[in-house]
Structure formats: C-alpha cells, structure tokens
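Student: I would like the atomic coordinates for the input below:
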Amino acid sequence: MTDQEVKDYIWNGVLDMYAGFISQDRERIDQYIHKDVTLWDSTERNLAFGMKGLNEVRARRPKEDNGPKVTRIDAIEPVIDIYGDFAICRHYLIVNFDQGQPPQEVRNTGIWRSFPEGWRIIHNHEDELPAK
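Tutor: Residues are numbered from 1 along each chain as shown. The predicted structure is shown next:
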C-alpha cells in the first residue's frame, strides 16, 4: 500500500468505528483493534490493557436508557502520519446527543501498526475538551 492508501484505510476505519458505535455493532468496531491494545478513555483515570480492559471500560459506561443518547459522531480534521509499519492518526470528534444536550468535543490520537492481517490500533488516547 502507498502512504496515501494507508491514510485512506485508517481514516475510513476511524469513520467505520464511529458508525459501529452509533449502530451498536461491536464487531464492526473491534475489527480495527489489536487484541493487545492499550487505551486512555476520556472518562477513566487508568490505562486499559487489551480487549479485556477495553470491554471492562465499556461495561462501566452509562447505559443509554439512563440519559441522553449519542445520535451522531462527527470525526473531523484528521492528521495522519505514516512511519514505516506505524501510523499516528489525530482528529477531533463532535459527539451529538438527543434531549437538547450540547455537543461534546473530544480530541483523539490513535497509534496504528501494520500486521500480517492488516492495520490495527495498538494504542488510543482521547480527551474531552471543555465546553466552549
């Protein structure tokens, strides 16, 4: 793959993961995540390790029937750099809710690595930004 093809694959993967979140399709999301991923979730203090840690973070998230529901996630302003078998993808998210709740802006950095089965996220870091 050329660098541009890798960038396109990664950005389309990011967009597909957010679409998977909206449709509650975990398999759609997880196909891009390496089993040994680490991540900083914006609502958690501790680093999560592997798919087990990610699923524990997911289990602690509020259930959708307990408040506003995410209706749309707009991923914007991607900056993707390729370094051999590694890539860094940085972007912003605008998370939109129902019930009149204001949107939440999030910044995200994902580290991707090329494996024989394809490019996968090996580390993800997101921060909620203060309301404007």
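Student: What is the longest strand of the protein by residue count?
Tutor: Assignment by DSSP state E gives strand 70-83 as the longest strand of the chain.
Student: Let me know how buried the spatially closest residue to Arg60 that is not a sequence neighbour is, in neighbour terms.
Tutor: Closest residue to Arg60 apart from its sequence neighbours, by CB to CB, 6 or more residues apart in numbering: Glu44 at 7.4 Å. C-beta: built from backbone N, CA, C; applies to glycine. Residues near Glu44, counting by other CB atoms under 10 Å, number 14.
Student: Pop out the phi and psi values for Glu44.
Tutor: Torsion angles at Glu44 (phi, psi; degrees, to the nearest 10) stand at phi -120, psi 150.
Student: Tell me if I'm right that it and Val57 touch.
Tutor: Yes. Between Glu44 and Val57 there is a contact at 5.8 Å, judged by CB atoms under 8 Å.
Student: Where does pLDDT dip in this structure?
Tutor: Residue ranges of the chain with pLDDT under 70: 64-66.
Student: can you map out the strands along it?
Tutor: Under DSSP E, the chain gives strands at 33-40, 48-49, 70-83, 86-97, 104-115, 118-128.
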